[in-house]
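Novice: Got a sequence here, can you build the structure:
(one chain, ligands or ions: 1)
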Amino acid sequence: MSLAPPRAWRVAPGGTVSGTFTVPGDKSISHRALMLGALAEGETHISGFLAGEDCLATARALEALGVRIERPAATDVRVHGRGRRGLAPSAAPLDLGNAGTAMRLMMGVLAPQDFDATLIGDASLMRRPMERVAEPLRRMGAHIDTQAGRPPVVIHGTPQLHGITYTLPVASAQVKSALLLAGLSARGATQLTEPAPSRDHTERMLRAFGIRVHQEARVITLEGGEDLRAAKVGVPADFSSAAFFLVAAALAAERPLTLTNVGINPTRTGLLELLKLMGADIRIHPRPGTTRRDLEPIADIEVSRAPLQGITVPEALVPLAIDELPVFFVAAAAAQGETLVRGAGELRVKESDRLAAVASGLAVLGVEHELLPDGLRIQGRREFCGGVIDSMGDHRIAMAFAIAALRARAPIEITDVANVATSFPGFEDCARQAGLGLATL
Ligand code: S3P
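Specialist: So this is what the prediction gives:
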(Lines give C-alpha, C1' and ligand atoms only; values in the text may rest on other atoms or scores of the structure.)
Protein backbone atom coordinates (compact mmCIF):
# COMPACT_ATOMS: atom_id res chain seq x y z
CA MET A 1 0.00 0.00 0.00
CA SER A 2 1.34 3.43 -0.94
CA LEU A 3 1.45 6.14 1.71
CA ALA A 4 1.34 8.91 -0.89
CA PRO A 5 -1.88 10.94 -0.69
CA PRO A 6 -4.38 10.17 -3.47
CA ARG A 7 -4.30 12.56 -6.42
CA ALA A 8 -7.84 11.95 -7.61
CA TRP A 9 -11.08 10.19 -6.75
CA ARG A 10 -13.66 8.43 -8.87
CA VAL A 11 -17.07 8.47 -7.22
CA ALA A 12 -19.74 6.08 -8.46
CA PRO A 13 -23.08 7.64 -9.36
CA GLY A 14 -26.21 7.39 -7.22
CA GLY A 15 -26.59 5.29 -4.10
CA THR A 16 -27.75 6.08 -0.59
CA VAL A 17 -26.11 6.98 2.72
CA SER A 18 -26.79 5.96 6.32
CA GLY A 19 -25.02 5.30 9.61
CA THR A 20 -23.60 7.04 12.67
CA PHE A 21 -20.26 8.83 12.43
CA THR A 22 -17.95 11.12 14.32
CA VAL A 23 -15.92 13.35 12.01
CA PRO A 24 -12.46 14.61 13.13
CA GLY A 25 -11.89 17.53 15.49
CA ASP A 26 -12.58 21.17 14.72
CA LYS A 27 -9.82 22.88 12.73
CA SER A 28 -10.45 26.42 13.98
CA ILE A 29 -10.52 25.32 17.61
CA SER A 30 -7.44 23.08 17.26
CA HIS A 31 -5.34 25.96 15.83
CA ARG A 32 -6.43 28.25 18.64
CA ALA A 33 -5.81 25.67 21.38
CA LEU A 34 -2.20 25.26 20.19
CA MET A 35 -1.56 29.00 20.02
CA LEU A 36 -3.18 29.94 23.33
CA GLY A 37 -1.50 26.93 24.93
CA ALA A 38 1.88 28.20 23.68
CA LEU A 39 1.25 31.70 25.07
CA ALA A 40 -0.05 30.43 28.43
CA GLU A 41 1.75 29.69 31.68
CA GLY A 42 1.65 25.93 32.34
CA GLU A 43 0.67 22.81 30.47
CA THR A 44 -2.40 22.84 28.23
CA HIS A 45 -4.13 19.52 27.46
CA ILE A 46 -6.02 19.24 24.20
CA SER A 47 -8.27 16.27 23.48
CA GLY A 48 -10.07 15.64 20.20
CA PHE A 49 -7.32 17.60 18.36
CA LEU A 50 -7.54 17.65 14.56
CA ALA A 51 -4.38 15.89 13.35
CA GLY A 52 -4.82 17.41 9.87
CA GLU A 53 -2.06 19.04 7.86
CA ASP A 54 -3.17 22.62 8.67
CA CYS A 55 -3.07 22.18 12.45
CA LEU A 56 0.16 20.17 12.23
CA ALA A 57 1.67 23.16 10.38
CA THR A 58 0.70 25.38 13.33
CA ALA A 59 2.23 22.87 15.75
CA ARG A 60 5.50 22.77 13.77
CA ALA A 61 5.66 26.58 13.62
CA LEU A 62 5.22 26.82 17.39
CA GLU A 63 7.88 24.15 17.92
CA ALA A 64 10.24 26.19 15.73
CA LEU A 65 9.53 29.08 18.13
CA GLY A 66 10.70 27.00 21.08
CA VAL A 67 7.41 25.52 22.31
CA ARG A 68 7.49 21.89 23.46
CA ILE A 69 4.48 20.00 22.10
CA GLU A 70 3.82 16.34 22.88
CA ARG A 71 1.26 14.09 21.22
CA PRO A 72 0.75 11.05 23.44
CA ALA A 73 -1.97 9.99 20.97
CA ALA A 74 -2.90 11.29 17.51
CA THR A 75 -5.69 13.47 18.91
CA ASP A 76 -4.25 14.19 22.39
CA VAL A 77 -1.82 17.07 22.63
CA ARG A 78 0.13 18.63 25.49
CA VAL A 79 1.45 22.12 24.96
CA HIS A 80 4.13 23.33 27.37
CA GLY A 81 3.30 27.02 27.48
CA ARG A 82 6.10 29.61 27.38
CA GLY A 83 4.05 32.62 28.46
CA ARG A 84 3.23 35.66 26.36
CA ARG A 85 6.88 36.75 26.19
CA GLY A 86 8.56 33.36 26.09
CA LEU A 87 8.69 32.49 22.39
CA ALA A 88 12.14 32.28 20.78
CA PRO A 89 13.20 33.25 17.25
CA SER A 90 13.24 30.64 14.48
CA ALA A 91 16.28 30.53 12.20
CA ALA A 92 14.16 29.42 9.24
CA PRO A 93 10.94 30.94 7.85
CA LEU A 94 7.79 29.42 9.34
CA ASP A 95 6.02 27.36 6.66
CA LEU A 96 2.27 27.25 7.29
CA GLY A 97 1.43 25.08 4.29
CA ASN A 98 -2.16 25.58 3.12
CA ALA A 99 -3.36 27.12 6.41
CA GLY A 100 -4.72 30.67 6.13
CA THR A 101 -5.93 30.60 9.73
CA ALA A 102 -2.46 29.65 10.94
CA MET A 103 -0.76 32.45 9.02
CA ARG A 104 -3.21 35.19 9.99
CA LEU A 105 -3.45 34.25 13.66
CA MET A 106 0.33 33.81 13.94
CA MET A 107 0.73 37.38 12.67
CA GLY A 108 -1.10 38.46 15.85
CA VAL A 109 1.00 36.13 18.00
CA LEU A 110 4.29 37.32 16.50
CA ALA A 111 3.70 41.07 16.10
CA PRO A 112 4.40 41.84 19.82
CA GLN A 113 7.46 39.56 20.20
CA ASP A 114 11.00 40.90 20.57
CA PHE A 115 12.31 39.11 17.45
CA ASP A 116 11.62 38.98 13.72
CA ALA A 117 9.84 36.18 11.86
CA THR A 118 8.97 35.32 8.26
CA LEU A 119 5.79 33.44 7.31
CA ILE A 120 5.45 31.45 4.09
CA GLY A 121 3.10 28.77 2.76
CA ASP A 122 2.15 26.66 -0.24
CA ALA A 123 1.22 28.09 -3.65
CA SER A 124 -2.41 28.69 -2.58
CA LEU A 125 -1.49 30.44 0.68
CA MET A 126 1.16 32.58 -1.06
CA ARG A 127 -1.66 34.05 -3.20
CA ARG A 128 -3.95 34.98 -0.29
CA PRO A 129 -4.49 38.52 1.04
CA MET A 130 -2.64 39.36 4.27
CA GLU A 131 -3.01 43.17 4.39
CA ARG A 132 -6.41 42.76 6.08
CA VAL A 133 -4.42 41.69 9.15
CA ALA A 134 -1.16 43.61 8.58
CA GLU A 135 -2.88 46.98 8.18
CA PRO A 136 -4.73 47.06 11.54
CA LEU A 137 -1.71 45.50 13.27
CA ARG A 138 0.36 48.43 11.96
CA ARG A 139 -2.19 50.77 13.57
CA MET A 140 -1.26 49.02 16.85
CA GLY A 141 2.39 49.91 16.20
CA ALA A 142 3.48 46.66 14.52
CA HIS A 143 6.09 46.52 11.78
CA ILE A 144 5.01 44.10 9.09
CA ASP A 145 5.94 43.78 5.41
CA THR A 146 3.94 41.88 2.84
CA GLN A 147 4.74 41.28 -0.83
CA ALA A 148 2.11 43.44 -2.55
CA GLY A 149 -0.34 42.38 0.17
CA ARG A 150 0.54 38.68 0.05
CA PRO A 151 3.05 36.37 1.76
CA PRO A 152 5.88 36.15 2.50
CA VAL A 153 4.90 38.13 5.59
CA VAL A 154 7.90 39.57 7.42
CA ILE A 155 7.17 40.56 11.01
CA HIS A 156 9.63 42.84 12.76
CA GLY A 157 8.66 42.13 16.36
CA THR A 158 7.63 45.23 18.33
CA PRO A 159 7.14 44.58 22.06
CA GLN A 160 5.47 47.97 22.68
CA LEU A 161 2.20 47.64 20.75
CA HIS A 162 -0.78 49.72 21.85
CA GLY A 163 -4.47 48.84 21.77
CA ILE A 164 -6.75 50.31 19.09
CA THR A 165 -10.41 50.94 18.50
CA TYR A 166 -11.12 49.43 15.11
CA THR A 167 -14.09 48.50 12.94
CA LEU A 168 -13.40 45.47 10.79
CA PRO A 169 -14.18 46.11 7.11
CA VAL A 170 -15.12 42.42 6.57
CA ALA A 171 -16.70 39.90 8.95
CA SER A 172 -13.52 37.86 9.41
CA ALA A 173 -12.80 35.73 12.46
CA GLN A 174 -9.18 35.47 11.37
CA VAL A 175 -8.67 39.24 11.37
CA LYS A 176 -10.57 39.61 14.67
CA SER A 177 -8.56 36.81 16.27
CA ALA A 178 -5.17 38.13 15.10
CA LEU A 179 -5.97 41.55 16.60
CA LEU A 180 -7.17 40.04 19.88
CA LEU A 181 -3.99 37.92 20.12
CA ALA A 182 -1.81 40.98 19.51
CA GLY A 183 -4.01 42.95 21.93
CA LEU A 184 -3.10 40.51 24.73
CA SER A 185 0.38 42.03 24.85
CA ALA A 186 -0.56 45.61 23.87
CA ARG A 187 -0.74 48.63 26.18
CA GLY A 188 -4.37 49.55 26.92
CA ALA A 189 -7.59 48.21 25.47
CA THR A 190 -8.18 46.65 22.06
CA GLN A 191 -11.77 47.32 21.01
CA LEU A 192 -13.08 45.71 17.83
CA THR A 193 -16.42 46.18 16.10
CA GLU A 194 -17.55 43.49 13.67
CA PRO A 195 -19.74 44.39 10.68
CA ALA A 196 -21.57 41.07 11.22
CA PRO A 197 -21.00 38.22 13.69
CA SER A 198 -18.17 35.84 12.75
CA ARG A 199 -17.06 32.69 14.56
CA ASP A 200 -16.25 33.46 18.20
CA HIS A 201 -13.95 30.56 19.15
CA THR A 202 -11.10 32.90 20.10
CA GLU A 203 -13.23 34.91 22.50
CA ARG A 204 -14.57 31.74 24.14
CA MET A 205 -11.17 30.13 24.43
CA LEU A 206 -9.45 33.26 25.76
CA ARG A 207 -11.99 33.24 28.60
CA ALA A 208 -11.18 29.58 29.29
CA PHE A 209 -7.51 30.62 29.58
CA GLY A 210 -8.47 33.24 32.20
CA ILE A 211 -8.59 36.37 30.01
CA ARG A 212 -11.46 38.80 30.48
CA VAL A 213 -13.08 39.41 27.10
CA HIS A 214 -15.96 41.83 27.15
CA GLN A 215 -18.63 41.64 24.49
CA GLU A 216 -21.59 43.90 23.91
CA ALA A 217 -23.50 43.38 20.68
CA ARG A 218 -20.80 43.47 17.99
CA VAL A 219 -18.15 45.23 20.09
CA ILE A 220 -15.44 43.07 21.64
CA THR A 221 -12.94 44.49 24.10
CA LEU A 222 -9.93 43.12 25.94
CA GLU A 223 -7.35 44.86 28.12
CA GLY A 224 -3.71 44.12 27.32
CA GLY A 225 -1.21 42.79 29.83
CA GLU A 226 -3.17 39.90 31.35
CA ASP A 227 -1.45 36.51 31.48
CA LEU A 228 -3.03 33.32 30.15
CA ARG A 229 -3.39 30.27 32.40
CA ALA A 230 -3.07 26.82 30.82
CA ALA A 231 -6.39 25.05 30.28
CA LYS A 232 -7.98 21.75 29.31
CA VAL A 233 -9.54 22.02 25.86
CA GLY A 234 -11.94 19.39 24.54
CA VAL A 235 -12.27 19.91 20.79
CA PRO A 236 -15.67 18.94 19.34
CA ALA A 237 -16.05 17.29 15.93
CA ASP A 238 -15.77 19.90 13.17
CA PHE A 239 -19.15 21.20 11.98
CA SER A 240 -17.49 22.09 8.66
CA SER A 241 -16.48 18.45 8.11
CA ALA A 242 -19.88 17.21 9.29
CA ALA A 243 -21.45 19.54 6.70
CA PHE A 244 -20.58 17.21 3.78
CA PHE A 245 -22.52 14.37 5.38
CA LEU A 246 -25.41 16.60 6.45
CA VAL A 247 -25.95 17.47 2.79
CA ALA A 248 -25.32 13.86 1.69
CA ALA A 249 -28.06 12.71 4.07
CA ALA A 250 -30.49 15.44 3.01
CA LEU A 251 -30.02 14.25 -0.60
CA ALA A 252 -29.80 10.49 -0.18
CA ALA A 253 -30.27 9.09 3.35
CA GLU A 254 -31.78 5.63 3.23
CA ARG A 255 -32.37 5.82 6.99
CA PRO A 256 -31.53 8.85 9.20
CA LEU A 257 -27.78 9.57 9.28
CA THR A 258 -26.34 10.76 12.61
CA LEU A 259 -23.19 12.77 13.23
CA THR A 260 -22.09 12.67 16.84
CA ASN A 261 -20.30 15.12 19.14
CA VAL A 262 -20.46 17.98 16.61
CA GLY A 263 -19.65 21.57 17.62
CA ILE A 264 -22.82 23.61 17.13
CA ASN A 265 -21.52 27.04 18.07
CA PRO A 266 -24.22 29.32 16.59
CA THR A 267 -21.54 31.40 14.83
CA ARG A 268 -20.75 28.29 12.74
CA THR A 269 -24.08 26.64 12.02
CA GLY A 270 -25.58 28.88 9.32
CA LEU A 271 -25.76 25.80 7.06
CA LEU A 272 -28.35 24.23 9.39
CA GLU A 273 -30.57 27.31 8.99
CA LEU A 274 -30.09 27.28 5.21
CA LEU A 275 -30.93 23.59 4.86
CA LYS A 276 -33.98 24.01 7.10
CA LEU A 277 -35.14 26.93 4.91
CA MET A 278 -34.86 24.53 1.95
CA GLY A 279 -37.07 21.99 3.71
CA ALA A 280 -34.43 19.61 5.12
CA ASP A 281 -35.34 17.24 7.95
CA ILE A 282 -32.73 17.89 10.66
CA ARG A 283 -32.90 17.03 14.34
CA ILE A 284 -30.43 18.40 16.89
CA HIS A 285 -29.84 16.40 20.07
CA PRO A 286 -27.75 18.61 22.37
CA ARG A 287 -25.31 16.73 24.58
CA PRO A 288 -26.66 17.31 28.08
CA GLY A 289 -24.53 19.66 30.17
CA THR A 290 -22.08 20.53 27.43
CA THR A 291 -23.42 24.01 26.83
CA ARG A 292 -22.74 25.11 30.41
CA ARG A 293 -19.49 23.41 31.34
CA ASP A 294 -17.61 23.26 28.07
CA LEU A 295 -16.13 25.91 25.89
CA GLU A 296 -18.36 25.14 22.96
CA PRO A 297 -21.89 23.70 22.64
CA ILE A 298 -21.98 20.14 21.27
CA ALA A 299 -24.76 17.99 19.80
CA ASP A 300 -25.55 14.90 17.80
CA ILE A 301 -27.17 15.85 14.49
CA GLU A 302 -29.63 13.53 12.77
CA VAL A 303 -30.63 14.11 9.15
CA SER A 304 -33.22 12.33 7.02
CA ARG A 305 -33.76 12.66 3.30
CA ALA A 306 -36.28 15.30 2.26
CA PRO A 307 -37.13 17.15 -0.95
CA LEU A 308 -35.25 20.48 -1.02
CA GLN A 309 -36.57 23.76 -2.44
CA GLY A 310 -34.37 26.53 -3.84
CA ILE A 311 -34.07 29.66 -1.64
CA THR A 312 -32.71 33.18 -1.64
CA VAL A 313 -30.01 33.02 1.01
CA PRO A 314 -30.33 35.74 3.69
CA GLU A 315 -27.02 37.64 3.52
CA ALA A 316 -26.70 37.67 7.32
CA LEU A 317 -26.27 33.88 7.20
CA VAL A 318 -23.35 34.02 4.75
CA PRO A 319 -20.53 34.60 7.32
CA LEU A 320 -22.10 31.92 9.55
CA ALA A 321 -21.96 29.36 6.71
CA ILE A 322 -18.89 30.63 4.88
CA ASP A 323 -16.90 27.37 4.78
CA GLU A 324 -20.01 25.28 4.12
CA LEU A 325 -21.13 27.20 1.03
CA PRO A 326 -19.36 24.88 -1.45
CA VAL A 327 -21.43 21.90 -0.26
CA PHE A 328 -24.49 24.12 0.15
CA PHE A 329 -24.19 24.92 -3.57
CA VAL A 330 -24.36 21.19 -4.28
CA ALA A 331 -27.57 20.99 -2.21
CA ALA A 332 -28.91 23.96 -4.20
CA ALA A 333 -28.03 22.23 -7.47
CA ALA A 334 -30.13 19.23 -6.37
CA ALA A 335 -33.05 21.36 -5.09
CA GLN A 336 -36.21 22.19 -6.93
CA GLY A 337 -36.13 25.71 -8.40
CA GLU A 338 -33.66 28.55 -8.12
CA THR A 339 -31.21 29.39 -5.34
CA LEU A 340 -29.51 32.78 -5.11
CA VAL A 341 -26.49 33.60 -2.94
CA ARG A 342 -25.13 37.16 -2.81
CA GLY A 343 -22.73 38.85 -0.40
CA ALA A 344 -20.31 35.92 -0.57
CA GLY A 345 -17.37 37.69 -2.28
CA GLU A 346 -15.09 36.37 0.49
CA LEU A 347 -15.31 32.97 -1.20
CA ARG A 348 -13.07 34.35 -3.94
CA VAL A 349 -10.09 34.59 -1.54
CA LYS A 350 -10.29 31.22 0.21
CA GLU A 351 -7.99 28.26 -0.52
CA SER A 352 -9.18 28.73 -4.13
CA ASP A 353 -11.60 31.16 -5.76
CA ARG A 354 -14.48 29.02 -4.52
CA LEU A 355 -17.16 30.80 -6.56
CA ALA A 356 -15.24 30.14 -9.78
CA ALA A 357 -14.32 26.58 -8.73
CA VAL A 358 -17.95 25.72 -7.92
CA ALA A 359 -19.17 27.32 -11.15
CA SER A 360 -16.73 25.19 -13.22
CA GLY A 361 -17.85 22.07 -11.37
CA LEU A 362 -21.54 22.88 -11.88
CA ALA A 363 -20.87 23.32 -15.61
CA VAL A 364 -19.43 19.78 -15.74
CA LEU A 365 -22.52 18.47 -13.89
CA GLY A 366 -24.80 20.17 -16.44
CA VAL A 367 -26.31 22.46 -13.79
CA GLU A 368 -27.56 25.79 -15.13
CA HIS A 369 -26.02 28.63 -13.13
CA GLU A 370 -24.83 32.23 -13.26
CA LEU A 371 -21.53 33.25 -11.67
CA LEU A 372 -21.95 36.65 -9.98
CA PRO A 373 -19.14 38.86 -8.60
CA ASP A 374 -20.22 37.99 -5.05
CA GLY A 375 -22.27 34.84 -5.40
CA LEU A 376 -24.06 32.32 -7.58
CA ARG A 377 -27.51 31.82 -9.02
CA ILE A 378 -28.25 28.09 -9.41
CA GLN A 379 -31.11 26.35 -11.16
CA GLY A 380 -31.61 22.99 -9.45
CA ARG A 381 -32.08 19.78 -11.44
CA ARG A 382 -33.12 16.22 -10.61
CA GLU A 383 -29.99 14.49 -11.82
CA PHE A 384 -26.44 15.59 -12.62
CA CYS A 385 -24.18 14.57 -15.52
CA GLY A 386 -20.88 12.87 -14.70
CA GLY A 387 -17.43 14.06 -15.74
CA VAL A 388 -14.07 15.31 -14.49
CA ILE A 389 -14.02 18.17 -11.97
CA ASP A 390 -10.86 20.04 -10.99
CA SER A 391 -10.93 20.75 -7.24
CA MET A 392 -8.26 23.46 -7.78
CA GLY A 393 -6.37 21.84 -4.91
CA ASP A 394 -9.11 23.03 -2.53
CA HIS A 395 -10.18 20.48 0.10
CA ARG A 396 -13.74 21.74 0.46
CA ILE A 397 -14.35 21.88 -3.31
CA ALA A 398 -13.15 18.27 -3.63
CA MET A 399 -15.39 16.98 -0.82
CA ALA A 400 -18.44 18.98 -1.97
CA PHE A 401 -18.33 17.46 -5.47
CA ALA A 402 -17.83 13.95 -4.06
CA ILE A 403 -21.25 14.40 -2.40
CA ALA A 404 -22.72 15.53 -5.74
CA ALA A 405 -22.14 11.99 -7.10
CA LEU A 406 -25.15 10.83 -5.04
CA ARG A 407 -27.34 12.61 -7.57
CA ALA A 408 -25.29 11.92 -10.72
CA ARG A 409 -26.12 9.45 -13.51
CA ALA A 410 -22.46 8.77 -14.42
CA PRO A 411 -19.23 8.67 -12.37
CA ILE A 412 -17.67 11.92 -11.17
CA GLU A 413 -13.88 12.10 -11.16
CA ILE A 414 -12.35 14.76 -8.93
CA THR A 415 -8.72 15.77 -9.46
CA ASP A 416 -6.08 17.38 -7.19
CA VAL A 417 -7.56 16.04 -3.92
CA ALA A 418 -4.43 15.65 -1.75
CA ASN A 419 -5.30 18.78 0.27
CA VAL A 420 -8.33 17.06 1.78
CA ALA A 421 -5.84 15.94 4.43
CA THR A 422 -5.51 19.58 5.57
CA SER A 423 -8.93 19.52 7.22
CA PHE A 424 -10.44 16.03 7.02
CA PRO A 425 -7.92 13.21 7.24
CA GLY A 426 -9.85 9.97 6.67
CA PHE A 427 -12.59 11.55 4.56
CA GLU A 428 -12.35 8.76 2.01
CA ASP A 429 -13.01 6.02 4.60
CA CYS A 430 -15.80 7.99 6.23
CA ALA A 431 -17.45 8.60 2.83
CA ARG A 432 -17.22 4.90 1.93
CA GLN A 433 -18.67 3.87 5.29
CA ALA A 434 -21.56 6.28 4.75
CA GLY A 435 -22.28 4.56 1.41
CA LEU A 436 -20.49 6.60 -1.26
CA GLY A 437 -18.73 4.58 -3.94
CA LEU A 438 -15.47 6.50 -3.67
CA ALA A 439 -12.30 5.03 -5.15
CA THR A 440 -8.88 6.70 -4.88
CA LEU A 441 -6.84 6.94 -8.08
C1 S3P B 1 -11.56 30.77 10.20
C2 S3P B 1 -12.26 31.87 9.75
C3 S3P B 1 -12.84 31.96 8.39
C4 S3P B 1 -12.93 30.58 7.74
C5 S3P B 1 -11.67 29.80 7.90
C6 S3P B 1 -11.37 29.56 9.36
C7 S3P B 1 -11.00 30.79 11.55
O8 S3P B 1 -12.02 32.80 7.60
O9 S3P B 1 -13.25 30.72 6.37
O10 S3P B 1 -11.77 28.55 7.24
O11 S3P B 1 -10.60 29.72 12.07
O12 S3P B 1 -10.94 31.87 12.14
P13 S3P B 1 -12.22 34.41 7.57
O14 S3P B 1 -11.85 34.93 8.88
O15 S3P B 1 -11.29 34.87 6.47
O16 S3P B 1 -13.65 34.63 7.23
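
Novice: Around the ligand, which positions in the protein sit nearby?
Specialist: S28, T101, S172, A173, Q174, S177, R199, I322, D323, E346 (C-beta under 6 Å from any ligand atom). (Glycine included, C-beta is placed from N, CA and C.)

Novice: same thing but 5 Å
Specialist: By C-beta under 5 Å from any ligand atom, the residues of the chain that approach the ligand are S28, T101, S172, A173, Q174, I322, D323.

Novice: By neighbour count, which of the residues you listed wins?
Specialist: S28 (27 neighbours; other C-beta atoms under 10 Å).

Novice: can you pull the contacts of that one?
Specialist: By C-beta atoms under 8 Å, 6 or more residues apart in numbering, the residues touching S28 are T101, A173, R199, H201, D238.

Novice: Can you tell me which of those residues end up in strands?
Specialist: Members of the contacts of S28 lying in strands (criterion: DSSP state E): none.

Novice: Out of these, which two are the most distant from each other?
Specialist: Greatest spatial distance among the contacts of S28 (C-beta to C-beta): A173 and D238, at 14.4 Å.

Novice: ok, now which ones touch the closest residue to V154 other than its chain neighbours?
Specialist: Nearest residue to V154 in three dimensions, chain neighbours excluded: D145, at 4.4 Å (C-beta to C-beta, 6 or more residues apart in numbering). Contact partners of D145, counting by C-beta under 8 Å, 6+ apart, are V153, V154, H156.

Novice: tell me the secondary structure for the first one?
Specialist: On the three-state scheme (DSSP: H, G, I helix; E, B strand; the rest coil), V153 is labelled strand.

Novice: Show me the helices in this structure, by range?
Specialist: 27-39, 53-64, 100-110, 131-139, 173-183, 201-208, 239-252, 270-277, 290-293, 325-333, 354-365, 395-404, 427-434 (DSSP state H).

Novice: what about the lengthiest strand in the chain, average pLDDT?
Specialist: When the chain is parsed with DSSP E, its longest strand is strand 253-263. The predicted model gives strand 253-263 an average pLDDT of 97.

Novice: Who are the packing partners of that strand?
Specialist: strand 17-21, helix 239-252, strand 298-304 (3 or more C-beta pairs under 8 Å, 6 or more residues apart in numbering; DSSP states H and E).

Novice: what's next to it, contact-wise?
Specialist: 16-23, 26, 29, 48, 236-239, 242, 245-246, 248-249, 283, 287, 296-305, 434-435.

Novice: what does stretch 205-220 give?
Specialist: 29, 32-33, 36, 40, 176, 180, 184, 191-197, 203, 221-223, 226-231, 233, 295.

Novice: Now the buried members of the contacts of strand 253-263.
Specialist: Neighbour counting by 16 or more other C-beta atoms under 10 Å classes 16-19, 21-23, 26, 29, 48, 236-239, 242, 245-246, 248-249, 287, 296-305, 434-435 among the contacts of strand 253-263 as buried.

Novice: For P288, report the pLDDT, please.
Specialist: Confidence for P288, expressed as pLDDT, is 71.

Novice: no, scratch that, I was asking about P5
Specialist: The model's pLDDT for P5 equals 76.

Novice: Might one say that it is in contact with P425?
Specialist: No: at 9.6 Å, P5 does not count as touching P425 under the criterion of C-beta atoms under 8 Å.

Novice: which of these two has more neighbours?
Specialist: Ranked by neighbour count (other C-beta under 10 Å), P5 and P425 place P425 first, with 19 against 13.

Novice: quick one, what contacts the closest residue to the more buried one other than its chain neighbours?
Specialist: Excluding the flanking residues, the one nearest P425 by C-beta to C-beta, 6+ apart is G52, at 5.3 Å. Shown in contact with G52 (C-beta under 8 Å, 6+ apart): P24, K27, S30, A421, T422, S423, F424, P425.

Novice: so which of these is the most crowded?
Specialist: S30 leads these on contacts (other C-beta under 10 Å) with 29 neighbours.

Novice: A134 against I144, yeah?
Specialist: Yes: between A134 and I144 there is a contact at 4.4 Å, judged by C-beta under 8 Å.

Novice: follow-up on the earlier one: between the contacts of S28, which sits nearest P112?
Specialist: For these, the nearest to P112 is T101 (19.1 Å; C-beta to C-beta).

Novice: just checking, that closest one touches K27?
Specialist: Yes: with contact defined as C-beta under 8 Å, T101 counts as touching K27 (7.2 Å).

Novice: ok, so what distance separates E428 from L206?
Specialist: 36 Å (C-beta to C-beta, to the nearest Å).

Novice: Between these two, tell me which one has more neighbours.
Specialist: Neighbours were counted for E428 and for L206 using other C-beta under 10 Å; L206 has more, 24 against 20.

Novice: Give me the number of neighbouring residues for T193.
Specialist: 14.

Novice: Same check on T167?
Specialist: 12.

Novice: same thing with L347?
Specialist: 24.

Novice: Just give the closest residue to it, not the sequence neighbours.
Specialist: R354 (4.0 Å).

Novice: Name the residues contacting each of T101 and K27.
Specialist: D54.

Novice: For the ligand, what's its nearest residue on the stretch 1-150 of the chain.
Specialist: The ligand sits closest to S28 of the stretch 1-150 of the chain, with a gap of 3.2 Å, by C-beta to the nearest ligand atom.

Novice: can I see the domain layout of the chain?
Specialist: By the assignment in automatic domain parsing, the chain contains the domains 8-25+236-440, 27-234.

Novice: who are the neighbours in contact with L347?
Specialist: So L347 contacts I322, L325, D353, R354, L355 (C-beta under 8 Å, 6+ apart).

Novice: Spatially, what comes nearest to R127 if we skip its sequence neighbours?
Specialist: R127 sits nearest to R150 (C-beta to C-beta, 6+ apart), 6.2 Å away.

Novice: Need the residues touching each of A134 and I144.
Specialist: M107, V153.

Novice: ok, L406 to S240 distance?
Specialist: On the measure of C-beta to C-beta, L406 and S240 end up 19 Å apart.

Novice: So for I284, what's the pLDDT?
Specialist: So I284 comes in at 98 (pLDDT).
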